[in-house]
Every structure is written in structure tokens, then in C-alpha cells.
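Chemist: my questions are about this predicted structure, shown below with the sequence.
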Amino acid sequence: MRSVPNVSAAAATLLLSNSTFSGALPTRTQGGTRPSAGQTPPTGGPDGAGGSSFSVDSFTVLGLNPADAAVGPLSAVTLTAGRSLASTDAGAHVAVLDASYATTASLAVGGTVAIAGTDFSIVGLVSAATADSATAANVYIPLDVAQTLAALPGQVSNIYVQAASSTNITQVQADIRTALPAATVKTQADLASSVSGSLASASSLVSNLGLWLSLIVLAAAFLIAILFTISGVTRRTREFGTLKAIGWSNGRIVRQVGGESLVQGLIGGVVGIVVGLAGILVINIIAPTLTAGASTAVQAAGRGSAGGRRRGRCRRRGLRPRRRRIRRRNPGGRRVEHRPDGARHGIRDPRRGRARRSRRPARGSDRGLAGLPAPARGGPAQHRMTRPAAPRPASPRPASPPIFTVPASRRTRPCTS
Amino acid sequence: MYQLTNVTKKYDQGKRSVTALQDVTVSIPDGQMVAIQGPTGGGKSTLLQMLGALDRPSSGSVVFETEHLGSSDLSSLGDSQLGRIRATEIGFVFQGFNLIPTLTAQENVETALAPLGGTSAARRERSAAALEAVGLGDRLGHLPAELSGGQQQRVAIARALVKDPTVLLADEPTGNLDEETRDEIMDLLEGLWRAQGLTLIVVTHDSAVARRAQRRLHIKGGRLTELA
Ligand SMILES: Nc1ncnc2c1ncn2[C@@H]1O[C@H](COP(=O)(O)OP(=O)(O)OP(=O)(O)O)[C@@H](O)[C@H]1O
Ligand SMILES: [Mg+2]
């Protein structure tokens, strides 16, 4: 990457996702089957799945080269405790944690965090520069260690590139595209415009919606007017018959009905215009305006940095921010030990978690009935490292120097969950 | 005056055709008061429609002659000409009154003057006078729903007579009224007939009404007979 002209720095990263399923799956005691020795009989849980208590812990791990800390995700964070990763950490089982993740997971400097069954000592905590956003990942470890853990030697998911000068960004982008034809090359400007583009499309959606709504309302109004006229005329056939009998011509009757409709229409139109204008006035007074101006775009890009990164990892998941951790307490309120189970890594939010839980006891009981040992509480931890699909480049920070990210597109594969 | 010759009226109803009038020949001179009686479905209303220029016979001729119009065969006139004759020469009174419910008594009477032109002030004046003549001078602004059945029929009579027609046709004008109101209305019609020199033709089931007429016709199965 550094061979591309005008690139002053580059940093390669590997984004991974560590999912841990922990907790006890109950043995469904059917027909007085005794629980296996040494196991407490499960108590009835609120969902009827006797004693099921588990949690799913999922966090993102970003492997990065400590030597390249000047560029990339750790270049724009604030160190809140301990130290950052240093060049000497290469190959070492050390980790820097996102401060808010550390708080959530009750971890601190000096402690350890288990990644894929390996303990890493926590050497530092970092937090995002802006208070309301998180950093690019939950856990940062040296790149070579990450590649070993994930069994992906020599592979990276993103490359952060810093151009020597902001004047040759376009050229550098083109050069990188030539050098890595399979990669997606995005500049901060691209990222900013994709954010402002979505704002603009939201704004156009609103105005399109308004157009369609008014067309629908107009059509409905016409339909109602026609129906009322027809029903009015039908109701008045006897009246028209009388008028004809006393000498009214058809033309006179049509003129009469038309005149009445015209007067009604004019009155309705005037009332409609007055009410409509009043409505517009009210809406303009109380409602905010949706603008997609340049300044908004830059701000949105800045604000969207952390959230966008996190959300974007799997596009199919949409805009729902992912809930990282689901904990359940057993009825006694005692915190249940985690029973990690890598197979359950897909659980993303409480609703889906519940759906799975409700199915699990049946499986457990099936296994129990088949004479297979039911999973015991505190059994051997199973870990699974997953590579997140479609890694997303770090979002731009308007204040920082221009950065390119090069997600290697060969890693782009469909969402696994 | 009317001269009907071999008037036949058939209504086609799919395959079947109903003969409502069969070879009716009758002459009705100006100023006569005629009652038409007969069983239901006999063809009374159909005959009145021929006389009132509301419909044309299937065959035969209906010659209608007045002072200002001269003589014309209603069976050969177009719709607009028939309409014109209805507007100027013929007044209709219906069994169900047939007032327009959204218009006041005076406005209902004015509808009969609308095809005749003239200023709205003149129309208002004439309609007020017509209502005065039927004894409703103090009810000009009332809607039909605010009037009794007898009063509504008086409004209908005023509407029929406001244009000074030569003929007044009434299809069971007292059918919806009690005996006392019936006599009231018949007194009124008879009085107006005498005062204005009208030709008055009344279709009725009621022999008390028929007895007031100079001449009584009976129609049954579409065939007309003269009662002594
Ligand atoms: N518009 C029409 N279409 C078809 N048939 C009709 C129509 N008008 C009248 N008739 C038929 O012509 C016959 C005479 O009807 P008409 O209304 O003249 O009877 P009517 O003597 O007035 O009876 P009522 O005393 O019940 O009013 C009836 O058999 C009727 O069914
Ligand atoms: Mg009849």
C-alpha cells in the first residue's frame, strides 16, 4: 500500500466477531426422571423452560498492527486508562478495550478478557473522541495474534490509508483501485456523501410521499363527490319526474342540478383552501424542516461514525443497532455462570433470543430422552471466532486527516445470521 | 277540449305486453268537470298521462285544442313540444302531493313558473297570490314537512294553478287525506274550477268525489265506458 504514490501511512486491520453462549440448558424432567447426579434440579423459569439460564456475549475484535497506530481506528481515540498497543506487543496476548464495553462487561486494566478461549491481559482502555459514540470495535489486539486466532494468516479486512495531502485524494483513490481491483475504496467524502445521500433520499421520500398522499386524497375526494352526486340524483328522480310533469325541460333540470353542484363545489373548494392553508400554517409552525444541506452532511458523518460502523457490519440487519449482551437471571436472582456455546452466536437481540430459548428446552429433553448426556452447567467452554461479513470501513472523522479504507471485497460474503 | 280517437297504449314488458288502454274514443269539451273511476290497474292513470301530454299513445290520436295554442295532436309531438304544452296549458295534482321537500311552499309553487320566464319578483308575486287563493297566504315560508297533508295538497294545487292552465288534471288528489280534508280539497277544486273556467279531470276511487262531477267515466281493462 505504501508503494502507491502520495500515501503517507497505511494500517491494515482484521475485524472479527467473538460470540460466546453461556448458561445452563435444563434437562426437562419428564415423568419423574431424576436429574443426573451432582446437578441441582432445575427450577421453573418464567418461560416454562425449567431452569434455563444463559447469556449470549458477543463482541467485536479488531486486530491491528500496533506499529501503524497513527492511522486507522486507534488514531482518533482517547486513552482513558493504561496504555495503548505498542510495536513490542506484536505476538503478545494483550488487549485494549473500548471503555464503554469494558464498563458493560465489568472489565478493567490488569484483568483478562477471553477471546476464542484464550485469555488476553487488558493493558488499556480507549474511548471515542465524541462522548455519544463508541469506538470501531470492543476489543483491540495485535494483528498477528488476531490472524492466528481466526486461522486467517496474512489476511486483513480493512486497510486505512492516509494521503500525503488532501489535494491528491482522488488520485490516490484511483491508484489504490488499480493496485487492488477487488477492493472497495472509499474516501471520507464518499462516506460523508453516502450519509448525506440517505438524508437527501429521506427528504425526497417525504416529498414523494406527500405527492402520492395528495394524489390519493384528491382521487378519494373525486370519488366521494361523484358517489354523492350519483346518490343525490338517484334520490331525486321522483323530484325530477315531478318537475318534468309540470313542464320542466331536461336541459333545465340538468342546469339546476349542475348549478347546485357548482355552488356546493365552490363552497367546498373555498372551505378546503382555507382549511388547507390553515393546516400548512400549523404544520410550518410546529414541525421541523428536513434539510439535506452540506453542513448537515458533515455533521451527520461525524455523528454517524461509530453507530454507522456497528450497524453496517451486516447490511441485511438494517438500521437496528445490535444489542451486544443478553443476560438472564434465574428465578432466585442469582447470576448464572456462563455456559459458552459457540453455536448460538447468532442471537442478536432480545426478541430473537427469546424465540430461541423457547425452542431450546425441547431439544434438551430430546437429548435427555435419547440417553445422551444433557449439557451440564459450567461445561467446557466452546468458542467460535467468526469473521464478520462485509467488513465496513471506519467512518470518517471530519477533523482528522484524509483517510482511505480498503475493505478487501473478497471477504465480502453474505450475512451468516 | 280533447278529442281522443281509438287510443291504445301498450307497455312492453319483455315478451309480454300489457294493454293499458284499448281503443279509447272520447271527447271532453272545455270547462267540463269529469271524474274517471275504475278498478285498480284499469288504466286510469295511463289515460291521464295521455291527456296530460306526459306520454304518447301506441296508436290513435289525442287532439288537444286551446284558444292560444290552437289544435295539436299530442301523439305526434316531440318531447320538447309536449313539455311546452305541460308548462303552459296543463296543471297536475298528484295523489302523493309530490312537493320538493327542500323548497318552501312558495318556492315549490314558483317551480311551475320557472319554464315560463318572467322576473323572479313577478314569480314571487304570482306564487304568493296562488297560495293566498288556496288559503295558505300565511304559510309561504314553510317547508312541506312543516305542513299537514291537506295543506301540502293545497300547495300542490296552487302549484298546478299558478300558471293559469286551461286544464287541471288530478290523479287521486284526495287519496291520502281523511274525509274532512278530502271534502275541503274537493270544495277548493270545485270552487277554482267554477271561478277560472277550467277543464277539471279527476281520477278517483271515491264515489263521493265522483258524484260532484258533471260527467263520470269508467275504465276497466283499458276499456272506457260512460256512466250515466
Ligand atoms: N310504465 C309502465 N310499464 C309497464 N306497465 C305499466 C306501466 N304503467 C302502467 N302499466 C300497466 O298498465 C295497466 C294500467 O295501469 P294504470 O297505472 O293506468 O292503472 P290505474 O287504473 O291507474 O290503477 P291504480 O288505481 O292502482 O292507480 C296496469 O296493468 C299497469 O301494470
Ligand atoms: Mg293510477
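Modeler: That came through, no problem. Ligands and ions are numbered 1, 2, ... in the order given.

Chemist: can you give me the buried ones in stretch A:167-174?
Modeler: A:168-169, A:172-173 (16 or more other Cβ atoms under 10 Å in any protein chain shown). (Each C-beta comes from the backbone N, C-alpha and C, glycine too.)

Chemist: name the residues that touch it?
Modeler: Residues outside stretch A:167-174 that contact it (Cβ atoms under 8 Å, 6 or more residues apart in numbering or on different chains): A:4-7, A:161, A:163, A:185, A:187, A:189, A:402, A:404.

Chemist: make JSON lines from these and add distance to chain B to it.
Modeler: Shown next, in JSON lines, are these (distance: Cβ to the nearest Cβ, whole Å):
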{"residue": "A:Val4", "distance to chain B": "86"}
{"residue": "A:Pro5", "distance to chain B": "89"}
{"residue": "A:Asn6", "distance to chain B": "86"}
{"residue": "A:Val7", "distance to chain B": "86"}
{"residue": "A:Val161", "distance to chain B": "82"}
{"residue": "A:Ala163", "distance to chain B": "81"}
{"residue": "A:Val185", "distance to chain B": "76"}
{"residue": "A:Thr187", "distance to chain B": "73"}
{"residue": "A:Ala189", "distance to chain B": "70"}
{"residue": "A:Pro402", "distance to chain B": "78"}
{"residue": "A:Phe404", "distance to chain B": "78"}
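
Chemist: any idea which of those residues has the most stuff around it?
Modeler: Neighbour counts for those peak at A:Val161, which has 28 neighbours (criterion: other Cβ atoms under 10 Å in any protein chain shown).

Chemist: so which helix or strand takes in it?
Modeler: strand A:158-163 (DSSP states H and E).

Chemist: by contact count, what packs against the helix or strand where B:Arg194 lies?
Modeler: Using DSSP H and E, B:Arg194 sits in helix B:179-196. Contact here means 3 or more Cβ pairs under 8 Å, 6 or more residues apart in numbering or on different chains; DSSP states H and E; on that basis helix B:179-196 packs against helix B:149-161, strand B:167-171, strand B:199-203, helix B:207-210.

Chemist: make CSV from these and add distance to B:Ala112 and mean pLDDT to it.
Modeler: Shown next, in CSV, are the helices and strands packed on helix B:179-196 (distance: least, Cβ to Cβ, whole Å; pLDDT from 0 to 100):
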stretch, distance to B:Ala112, mean pLDDT
helix B:149-161, 5, 95
strand B:167-171, 12, 95
strand B:199-203, 17, 96
helix B:207-210, 24, 91
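
Chemist: and whichever helix or strand comes after the strand holding A:Val161, average pLDDT?
Modeler: The element immediately downstream of strand A:158-163 (helix or strand, assigned by DSSP H and E) is helix A:169-179. Helix A:169-179 shows a mean pLDDT of 78.

Chemist: got the angle between helix A:169-179 and strand A:158-163?
Modeler: Calculated by axes from the mean of the first three to the mean of the last three Cα atoms, to 10 degrees, helix A:169-179 forms an angle of 140 degrees with strand A:158-163.

Chemist: quick check: domain ranges of chain A?
Modeler: Domain segmentation of chain A under automatic domain parsing yields A:7-22+A:51-195+A:327-416, A:196-292.

Chemist: tell me what the residue most central in space within chain B is bridged to.
Modeler: Central residue of chain B (Cα atoms, centre = their mean): B:Leu169, 1.9 Å from the mean position. As for beta bridges, B:Leu169 partners with B:Phe92, B:Ile201 under DSSP bridges.
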